[in-house]
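[1] Compute the structure for the input listed below.
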Amino acid sequence: MTDYILAIDQGTTSSRAIIFDKAGSVISTGQLEHEQIFPQAGWVEHDPKQIWDNVREVIGQALAKANITRHNIKAVGITNQRETAVVWDKTTGEPVYNAIVWQDTRTQPIVDRLAADGGVERFKQQVGLPLATYFSGTKIVWILENVPGAREKAEAGDLLFGTTDTWVLWNLTGGVNGGVHATDVTNASRTMFMDLETLQWDDAILAAFGVPKSMLPTIKSSSEVYGTVEEHSLLREVPVAGILGDQQAATFGQAAFDTGEAKNTYGTGNFLIFNTGEEIVHSKNGLLTTLGYKLGDASPHYALEGSIAVTGALVQWLRDNLGIISSADEIEALAKTVDDNGGAYFVPAFSGLFAPYWRADARGALVGLTRFVNKGHIARAVLEATAFQTREVIDAVNADSGVPLTEIKVDGGMIANNLLMQFQADILGVPVVRPVVAETTALGAAYAAGLAVGFWSDLDDLRANWQEDSRWTPKMDEAERARQLRNWKKAVTKTFDWVDEDVN
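    Numbering: from 1, shown residues only. The predicted model follows:
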């Protein structure tokens, strides 16, 4: 009987179950999208119950497509959209409110209130993060302050919080009947509540936020057995043994285990992670200090991260809001109808700007328009926005680390776009490398789970699985690169200071 690992990838737009073999190859996949809920400008929500229903269904899809049963699955790994916050009643299992998604900006007044005493970097030394709407801590506060009865229930010890890994783990291991309430260090490091050195919840910060500690999950490593799947599941009795936040999981799946290695994920947003090893590096250039991974009892590995809010989501916006394309994969052909961007630059600050600017007051801008610009130029500007934002984040990484990256490993849905990958290499001035297995996020979660149960013996096993598929080298001359970057930076400044008190 052949053995496999199953990874649950609970993402921003969909939930997937992917089954991997020992070589790290995909055997089968199940996938279901969930609803994106936009109650008002700047608000983004998901239905946690729909997410859990979808997770159960995609597990069944993946097992059926592979024609295998739970007996073939040695362990389950979980990876997830990291800062999305779920709060639920531990006695009923019912969420008290929709999940508030990482892109949501409604908590800016809470951020401002907390920043009034010490500024946005008030807690950065301890947690590696500036005060921002992005992280899950302020989302919990919003729920406690705005959902009737939530504060009282939380104070009584009846409410639980988790990012979506915790929500899935709790339900998968029994829910109200003894479900495991835990998370791993990578997800905990995105709440604003975990001390980077002790890897424990910080009581003083929790007090400042007004969040009861009883709501929070136990912090575990990224690779250990947390519990087993409950008896009514298709995966009953299978150990759940790996958890990594999606960007850390992609880094792990890229086998970027060592100091100085990095990857860039092209998804709904873009996320660059640079491994700093066992050293905590505090950014001076707008990056986040975060956990990379922790394997069992071994020392934790840290990372610098550049988070970009809107990349692939801009392609979706072009499709869904403007109807310029009918499917995301049409954008490359449309962009190829022109030779360049026609002077148009698109800064997609829909939720403000993340790294390296951290400007919540920014909003999107399409600038440089003339009568010459057509939909091909706009499509090209949309793709180029991803590459320009990545360049700015990599500049920040190079400044913080003092060791310039010589190439960048890439993953995520947008790396299938060859035009984008070539422009990315051009604007970075370094090679861009795509692996054979592009499902690096789910693969990273599978690796973490498989290591915990001995399916893979060590990191060298995983390094041996990584293979290069494609490589793009820079073709743009330095003068043209400098001109385009100058125009991009000018475009970015046009998005600042847009939000007033009477503007969302």
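[2] what about stretch 127-146, how long is it end to end?
    26 Å (CA to CA, to the nearest Å).
[3] no wait, stretch 19-33
    Chord length of stretch 19-33, first to last residue, is 18 Å (CA to CA).
[4] list the buried ones in the helix or strand where Lys489 lies?
    Lys489 is part of helix 478-493 when elements are defined by DSSP states H and E. For helix 478-493, the neighbour count (16 or more other CB atoms under 10 Å) marks 481, 484, 487-488, 491-492 as buried. Quick note: C-beta positions are derived from backbone N, CA and C, even for glycine.
[5] again, but for stretch 232-245
    Neighbour counts over stretch 232-245 (16+ other CB under 10 Å) mark 233, 235, 238-245 as buried.
[6] Please tell me how far that stretch is from the chain's geometric centre.
    Taking CA atoms, centre = their mean, to the nearest Å, the mean C-alpha location of stretch 232-245 is offset from the chain mean by 21 Å.
[7] okay, that stretch in CSV with CA atoms only?
    Taking Å, rounded to 0.1, in the frame of the first residue of the first chain, the C-alpha atoms of stretch 232-245 are listed here in CSV:
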residue,chain,number,x,y,z
HIS,A,232,-16.9,10.8,11.8
SER,A,233,-14.5,12.1,9.2
LEU,A,234,-13.2,10.4,6.0
LEU,A,235,-9.8,10.9,7.6
ARG,A,236,-10.7,9.6,11.1
GLU,A,237,-7.7,8.7,13.3
VAL,A,238,-5.2,10.3,10.9
PRO,A,239,-2.7,12.5,12.8
VAL,A,240,-2.8,16.3,12.1
ALA,A,241,0.9,17.0,12.3
GLY,A,242,1.9,20.2,10.5
ILE,A,243,0.7,23.9,10.5
LEU,A,244,2.3,26.8,8.6
GLY,A,245,0.9,30.1,7.6
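[8] Give the rounded mean pLDDT of that stretch.
    For stretch 232-245, mean pLDDT rounds to 94.
[9] what's the answer for stretch 347-366, then?
    Stretch 347-366 shows a mean pLDDT of 89.
[10] Thr289 contacts Ile280, correct?
    Yes. If you go by CB atoms under 8 Å, Thr289 and Ile280 touch, sitting 6.1 Å apart.
[11] between those two, which one's more packed in?
    Thr289 (21 against 17; other CB atoms under 10 Å).
[12] what about the lengthiest helix in the chain, distance to the chain center?
    Taking DSSP state H as the criterion, the chain has its longest helix at helix 375-401. Relative to the centre of its chain, helix 375-401 is centred 18 Å away, using CA atoms, centre = their mean.
[13] what do you get for stretch 493-501?
    Offset of stretch 493-501 from its chain centre (CA atoms, centre = their mean): 26 Å.
[14] which parts of that stretch are buried?
    Residues of stretch 493-501 classed as buried: 494-496, 499 (neighbour count, 16+ other CB under 10 Å).
[15] same thing with stretch 131-147?
    Under the neighbour-count criterion of 16+ other CB under 10 Å, stretch 131-147 has 131-144, 147 buried.
[16] Which of those fall within helices?
    Reading helices off the buried residues of stretch 131-147 with DSSP H, I get 136-144.
[17] coming back round to it: other SSEs contacting the longest helix of the chain?
    strand 262-266, strand 270-277, strand 301-308, helix 312-320, helix 331-335, strand 345-347, helix 418-428, helix 478-493 (3 or more CB pairs under 8 Å, 6 or more residues apart in numbering; DSSP states H and E).
[18] Nearest to Thr13 among the ones you listed would be which one?
    helix 312-320 (8.1 Å; CB to CB).
[19] tell me the mean pLDDT over that closest one?
    The model assigns helix 312-320 a mean pLDDT of 92.
[20] ok, now stretch 156-171?
    On average, stretch 156-171 scores 97.
[21] Buried residues in it, which are they?
    So, applying 16+ other CB under 10 Å, buried residues of stretch 156-171: 158-171.
[22] low pLDDT regions in the chain?
    Along the chain, the parts satisfying pLDDT under 70 run over 501-504.
[23] Quick check: most distant residue from the centroid of it.
    Here the chain reaches farthest from its C-alpha mean at Arg371, the gap being 37.8 Å by CA atoms, centre = their mean.
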